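Trainee: Sharing a model that was predicted from the sequence below.
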Amino acid sequence: MNEKIVTAISLFSRLITESESKAKSLFDVSDLTSSQLNYLKQLAN
C-alpha cells in the first residue's frame with residue numbers, strides 16, 4: 001500500500017477514536033442539548 005494512504009487512514013482512524021471518546025464523555029454532563037443527544041444516538045447506531 002502507498003505510504004501516504006496508510007498515513008491518511010491512520011490519522012482518520014485516530015480522529016474517529018478521539019471524536020467517539022469526546023462524545024462518550026458528554027454522558028457525564030447532565031444538561032445535554034437535543035442536538036448533542038441526536039448526535040450520540042447516531043453514534044450508537
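Mentor: Thanks, I have it.
Trainee: Which elements pack onto the helix or strand hosting residue 42?
Mentor: Taking DSSP states H and E as the criterion, residue 42 maps to helix 34-44. Contacts defined by 3 or more CB pairs under 8 Å, 6 or more residues apart in numbering; DSSP states H and E place helix 34-44 against helix 3-25. Bear in mind the C-beta positions are built from the backbone N, C-alpha and C, glycine included.
Trainee: What lies in contact with the helix it packs on?
Mentor: With contact meaning CB atoms under 8 Å, 6 or more residues apart in numbering, helix 3-25 is reached by 39, 40, 43.
Trainee: For residue 33, give its distance to residue 40.
Mentor: From residue 33 across to residue 40, the span is 11 Å (CB to CB, to the nearest Å).
Trainee: Please identify which of those two sits among more neighbours.
Mentor: residue 40 (14 against 10; other CB atoms under 10 Å).
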